[in-house]
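Participant: dropping a prediction and its sequence here:
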Amino acid sequence: MSDWRTWPQAELERQYDARGTVPDIALELKAYRDASTPMYALTPCWRDVAYGPGPDETVDLFPLAGHPDAPLLVFIHGGYWRALHSQDSVFMAQQFTSHGVAVAAINYTLAPQATLAQILKQCQRAVAWLQKYATPYGIAPKRTVLAGSSAGAHLAAMLLSPDWHDEGQLPPKSLNGGVLLSGLYDLEPVQQCLPNTWLNLNVQEAKRLSPIAHLPDPRLPLYVAVAEQDTDEFKRQSSDYAAACHAQGNLVTWHTAPQRNHFDIVLDWMDPKSHLFQATMALLSETPEQKIKRVSSIAPVQPKITGEK
């Protein structure tokens, strides 16, 4: 267990200050928008499609013409729940659609305008809407992988749990796996430092909204990764979550992305040779029979912070 409860406040703040791990946060965030903007012209898409009644409840869709049953990658952006937009989050669209995968990027109301519980509800509605009502937009997926980075990984991990799966009345076996990058899975320490100035969580809410207390369906394979330049606490959070999922029976692929930071790790999706892209494609393309065969032939390795590169 992390000894974060015994740390000076300054060390706790440093460990959970993702922006402090890069020289220029504005440049990192600009890279998302600069890479995403051309996708709307290069790739057929539907922009700002409403999945719910709120003005921020929209999704950007990149279907495959003539292939509504193509696998679907659903991405939930990060930004510590208070920054970024779906329009910063579609940089991978052309790479995936050129490999036969549709893409959806979820937008949601940012904190503090919305509580974390409200943001989670919005993302629930978005995923349920994609599974049930996206057919007129050319998306009717048989295989869906849910992905998120940083705060988006927290939201995606919560949505992978059976608790909300039943609540959202999703079709059986509608999700095929999860891709979780540099995420936050235990909000207790987060509740004790700067991010709580916009989250306003109490101790009980932090526990209730922590993915470590709501593990995914054990049948779902997971790809859990951290950046080499992430802080030790971000690495520890991912490692603990991966280990808990592995212990309950999930097939977990653990990866430390070399020479990547908390923000640019997700940009590896733009490189078809990257570990992230290839692992995501494997989750998207596997049939249940292939997954069973792979699970039976590969002995999972207990994840640890200094995992494979």
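Facilitator: Arrived safely, thanks for sending. Residues are numbered from 1 along each chain as shown.
Participant: show the model's pLDDT score for Gly168.
Facilitator: We note a pLDDT of 63 for Gly168 in this prediction.
Participant: again, but for the one 3 residues further on
Facilitator: If you check Pro171, the pLDDT there is 65.
Participant: use 279 as the first number from now on
Facilitator: All set: I'll call the first residue 279, so the last point we hit is now Pro449.
Participant: so Ser367 sits right up against Ala313, yeah?
Facilitator: No - the criterion here is C-beta atoms under 8 Å, and Ser367 misses it with Ala313 at 9.9 Å. Every C-beta, even on glycine, is put in place using the N, C-alpha and C of the backbone.
Participant: which of the two has more neighbours?
Facilitator: More crowded of Ser367 and Ala313, by other C-beta atoms under 10 Å: Ser367, with 29 against 19.
Participant: mind listing what that one touches?
Facilitator: By C-beta atoms under 8 Å, 6 or more residues apart in numbering, Ser367 lies in contact with Tyr310, Ser314, Asp338, Phe353, His355, Ala383.
Participant: so what's the residue count around the second one?
Facilitator: When neighbours are defined as other C-beta under 10 Å, Ser314 has 21 of them.
Participant: what helix or strand is Val327 on?
Facilitator: strand 324-328 (DSSP states H and E).
Participant: quick one: strands adjacent to that strand?
Facilitator: Strand 324-328 has its sheet partners listed here by DSSP bridges as strand 336-340 (antiparallel).
Participant: show me what secondary structure element comes after the partner strand.
Facilitator: Next element after strand 336-340 (DSSP H and E): strand 350-354.
Participant: quick revisit: most neighbours of all the contacts of Ser367, which one?
Facilitator: That'd be Ala383 among the contacts of Ser367, by other C-beta under 10 Å, with 29 neighbours.
Participant: spell out the secondary structure type for it.
Facilitator: strand (DSSP: H, G, I helix; E, B strand; the rest coil).
Participant: wait, doesn't it sit right on Leu350?
Facilitator: No - applying C-beta under 8 Å as the test, Ala383 and Leu350 come out as separate, 11.4 Å apart.
Participant: can you map out the strands along this structure?
Facilitator: In the chain, the strands defined using DSSP state E lie at 324-328, 336-340, 350-354, 380-384, 422-427, 455-459, 500-505, 530-535.
Participant: and Leu458, what is it in contact with?
Facilitator: Contacts of Leu458 (C-beta under 8 Å, 6+ apart): Ala425, Gly426, Ala431, Ala434, Ala435, Leu500, Tyr501, Val502, Ala503, Ser516, Tyr519.
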